[in-house]
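In: Sharing a model prediction with you, sequence too.
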Amino acid sequence: MAATANRIYFLKSLILNNNKLESLPAEIGNLKKLETLSLENNHITSVPSSLCNLTNLRTVNLSGNHIKVFPADLSKLRQLDALNLSRNGITTIPESVSSCQAIEINLNQNQVSVLPESVAKCPRLKVLRLEENCLEISAFTPQIMKHSQIALLAIEGNVFDFKQFNNLDGYEEYMERFTATKKKFN
């Protein structure tokens, strides 16, 4: 048993997709070497705070669960590159998102109706996916458009005419970041 526990301690990737899991044990926070956690298409409603002990975690996929509240503790993960919370029932994003280190956050197909300006303070956030939510055009404030690091806002399928996006205060600054990022990958 002790040998098994030691091997699990060094686990780098844990994929438990499509298992009808309803919760995660707090002990998941003991997997200190974990870099990838995928729990897609389960029945999870919340994330234990012990998850923030996983200091090596780079990718978290909680897509297709029953999470209603953005797990604020995930903002404490300093190595996090990608956070997928799509296809849940999330309605709000907390102000504490400003400390999130993720490069990409996917919140597609939720029920987000308000985007806090603090999202502009995310130090590494380049891609923010908010497709098929309940956002009004007013959610995209000049602070977000002008002063964030976000180079790709995926926003189709919200409750505004996409043409309105081009007229936003800060659209030019956003497009400069978008174009510069696109050039890097071409």
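Out: Looks like it arrived, so ask away.
In: same for the helix ranked longest in the chain, what does it pack against?
Out: Criterion DSSP state H: the longest helix present in the chain is helix 171-184. Packing partners of helix 171-184 (3 or more Cβ pairs under 8 Å, 6 or more residues apart in numbering; DSSP states H and E): helix 142-147, strand 152-154. The C-beta positions use only the backbone N, C-alpha and C, and glycine is treated the same way.
In: Tell me which residues of it come out buried.
Out: By neighbour count on 16 or more other Cβ atoms under 10 Å, the buried set for helix 171-184 is Tyr171, Tyr174, Arg177, Phe178.
In: Nearest the middle, which residue of the chain would you pick?
Out: Nearest residue to the geometric centre of the chain (Cα atoms, centre = their mean): Ile105, 3.0 Å.
In: Against Lys20, how distant is that residue?
Out: Distance, Ile105 to Lys20, using Cβ to Cβ, to the nearest Å: 26 Å.
In: OK, contacts around the closest residue to Phe160 other than its chain neighbours?
Out: For Phe160, ignoring the flanking residues on the chain, the nearest one in space by Cβ to Cβ, 6 or more residues apart in numbering is Ile137 at 4.0 Å. By Cβ atoms under 8 Å, 6 or more residues apart in numbering, the contact set of Ile137 is Phe160, Asp161, Gln164, Phe165, Leu168.
In: Point out the least confident member of those residues, please.
Out: Model confidence across the contacts of Ile137 bottoms out at Asp161, which has 91.
In: Looking at the closest residue to that residue other than its chain neighbours now. What's its pLDDT?
Out: Take Asp161 and drop its neighbours on the chain: the residue closest to it by Cβ to Cβ, 6+ apart is Ile137, 7.9 Å away. What the model reports for Ile137 is a pLDDT of 97.
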